[in-house]
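Visitor: heads up, no residue letters with this:
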Ligand SMILES: [Zn+2]
């Protein structure tokens, strides 16, 4: 009942009238365009790509200069193949040229930051129109899993990590109640806290659970080992970390519902999502042009693993054109039996960071550290290494970081790791990269206590990719 009221009255009023957004218009459009043929969708992509390139060349100083030096012209791009001669955009380039990458047009920009999985924290901007489009894309993807706005959703998600001001907490609490949501901080899933979460789940009775993969999997394991039958939602949406088959199997068995995997990032929001066929992740094709390239920048043959490279067709405020996001995936765009024209991303392979484990039994997903450190903007590069069972070394390249800020970081890490493990912060001049120019951000050198075949295979695979 609330869902219907929210979807048809409250939400449109808030979104269109109060906030003046175009989210619903885009969402309605995406509900139609998903059924277009692949050729129709790609025709539109090429049109949108060409106007993005023309816009970037005319109004973004960094693109204008870089392309002019390479004698590339936006007006000469007539195919995706022509586009392949355009240079790749790295995180470092965004760090160093944020201002010149922005458009000189007076668009309203929203500043964002991300820790990412590559160890280079990043601040960037997007324009409000692009924000509406990507939000709409998320609504469509979540709808495939039965989780459209207004449905009762329990989020097991990264909570605020730095101290949030009191009024902000109130505002967030009001928002989540209005949106029919409940949020549990995913870093709070320690063995002793599990009974509290079981009660919260049974009391809230969500239609959909939206969760980071690792804490949800740990939760499912706890329920399974203790023979607890939890409240069963209609479906579960997972994201932020790779979902392994063994994790999906256990979660589906324990919660007695289907799991829908999503893949996204702060830079683009939803990149891909599963539909009810669970055959792969449908790309957010109307907003993003996605390529899989080898280390030399050439397209990866179907079935082989390569680097994910993304162009956001609509962030005119600060265009991301051929951005290497640091993740790896298997190439080859399959069709889905559901009939949608949006191609399938078969498998994202290289997103996994090591999970650290403390002597008191906490499992800390590697994704925690980028999530935390992104708020410490003086950090240029970082690496977290669990050297022994009870020692975690946090290396920071942060010449301008104050002692006070370092103390805050230490405090925030300890709040999640507990006191059974010692945190050592080391200020270093540089953190060496691997031969392939990548950085392993979160490394567990201390041997895992419960080896799992699938995890080992995955670690070996991502290790070779680094
Ligand atoms: Zn499908």
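Guide: That came in fine, so what should we check first? Note that the structure is a prediction, hence the values are computed from the model and not measured. Residues are numbered from 1 along each chain as shown.
Visitor: just the helices in the stretch 101-250 of the chain please.
Guide: Assigned by DSSP state H, counting those that start in this stretch, the stretch 101-250 of the chain shows helices spanning 128-144, 166-178, 194-204, 213-225, 245-255.
Visitor: off-centre distance for the last one?
Guide: Think helix 245-255. Centre-to-centre, helix 245-255 and its host chain are 21 Å apart (Cα atoms, centre = their mean, to the nearest Å).
Visitor: check which element follows it along the chain.
Guide: Heading C-terminal from helix 245-255, the first helix or strand you meet, by DSSP states H and E, is strand 258-265.
Visitor: still on that earlier bit, mean pLDDT lowest where, among the helices of the stretch 101-250 of the chain?
Guide: Among these, helix 166-178 carries the lowest mean pLDDT, at a mean of 67.
Visitor: quick revisit: quick one: which of the helices of the stretch 101-250 of the chain is nearest the ion?
Guide: helix 128-144 (7.7 Å; Cβ to the ion). For glycine as for every other residue, the C-beta is placed from the backbone atoms N, C-alpha and C.
Visitor: which residues of the stretch 301-450 of the chain lie near the ion?
Guide: 336, 338 (Cβ under 5 Å from the ion).
Visitor: which stretches of the stretch 301-450 of the chain have low pLDDT?
Guide: For the stretch 301-450 of the chain, the stretches flagged by pLDDT under 70 are 350-353, 433-439, 447-450.
Visitor: the strands in it, which residues?
Guide: Secondary structure of the stretch 301-450 of the chain (DSSP state E, counting those that start in this stretch): strands at 305-312, 323-334, 344-348, 356-357, 363-364, 381-388, 391-397, 422-427, 442-444.
Visitor: tell me which of those strands sits nearest to residue 136.
Guide: Closest to residue 136 of the strands of the stretch 301-450 of the chain is strand 305-312 (Cβ to Cβ; 14.0 Å).
Visitor: grab the nearest non-local neighbour of residue 57.
Guide: Nearest residue to residue 57, sequence neighbours excluded (Cβ to Cβ, 6 or more residues apart in numbering): residue 74, at 4.3 Å.
Visitor: quick revisit: the strands of the stretch 301-450 of the chain: which one's closest to residue 201?
Guide: Among those, strand 363-364 sits nearest to residue 201 (Cβ to Cβ), with 19.1 Å.
Visitor: break the protein down into its structural domains.
Guide: Domain segmentation of the chain under automatic domain parsing yields 1-351, 356-465.
Visitor: okay, the ones you listed in CSV with mean neighbour count next?
Guide: Listed next are these as CSV, based on neighbours: other Cβ atoms under 10 Å:
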stretch, mean neighbour count
domain 1-351, 18
domain 356-465, 16
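Visitor: residue 89 pairs with what?
Guide: residue 323 (DSSP bridges).
Visitor: tell me the contacts of the spatially most central residue of the chain?
Guide: Per Cα atoms, centre = their mean, the C-alpha nearest to the average position across the chain is that of residue 265, at 2.7 Å. Residue 265 makes contact with 114, 116, 271, 325, 327, according to Cβ atoms under 8 Å, 6 or more residues apart in numbering.
Visitor: what about the nearest residue to residue 388 once chain neighbours are set aside, distance to residue 392?
Guide: Nearest non-adjacent residue to residue 388, counting by Cβ to Cβ, 6+ apart: residue 446, 5.2 Å away. To residue 392, residue 446 is 9 Å away according to Cβ to Cβ, to the nearest Å.
Visitor: next one: residue 69
Guide: In terms of Cβ to Cβ, residue 69 sits 44 Å off from residue 392.
Visitor: likewise for residue 197?
Guide: Applying Cβ to Cβ, the value for residue 197 to residue 392 is 25 Å.
Visitor: host element of residue 57?
Guide: Assigned by DSSP H and E, residue 57 belongs to helix 38-59.
Visitor: list the contacts of that helix.
Guide: 33, 63-64, 67, 73-75, 77, 79-80, 83, 86, 103-105, 285-286, 289, 311, 313-314, 316, 319, 321, 335, 341-343.
Visitor: how far off centre is stretch 388-398?
Guide: Per Cα atoms, centre = their mean, the centroid offset for stretch 388-398 relative to its chain is 24 Å.
Visitor: residues contacting it, please?
Guide: 356-359, 369, 376, 378-387, 406, 409, 413, 417, 420-431, 445-446.
Visitor: that older thread, from the contacts of residue 265, which is closest to the ion?
Guide: Of these, the one sitting nearest to the ion (Cβ to the ion) turns out to be residue 271, at 15.4 Å.
Visitor: phi first, then psi, for the closest one.
Guide: Residue 271 adopts backbone torsions of phi -100, psi -40, taken as degrees, to the nearest 10.
Visitor: report the contact partners of it.
Guide: When contacts are counted by Cβ under 8 Å, 6+ apart, residue 271 touches 263, 264, 265, 281, 283, 284, 288, 290, 310, 345.
Visitor: do the same with residue 211
Guide: 155, 156, 157, 186, 236, 237, 238, 239.
Visitor: who's residue 124 bridged to?
Guide: Beta-bridge partners for residue 124, by DSSP bridges, are residue 112.
Visitor: surely it touches residue 99?
Guide: No: counting by Cβ atoms under 8 Å, residue 124 stays clear of residue 99, with 11.2 Å between them.
Visitor: skipping adjacent residues, who's closest to residue 34 in space?
Guide: In space, and not counting its chain neighbours, residue 34 is closest to residue 340: 4.8 Å by Cβ to Cβ, 6+ apart.
Visitor: next one: phi and psi at the one you found?
Guide: phi -70, psi 150.
Visitor: how near is it to residue 207?
Guide: According to Cβ to Cβ, residue 340 stands 23 Å off from residue 207.
Visitor: with residue 55 instead?
Guide: Counting by Cβ to Cβ - residue 55 and residue 207 are separated by 41 Å.
Visitor: next: residue 213.
Guide: Computed as Cβ to Cβ, the residue 213 to residue 207 distance reads 20 Å.
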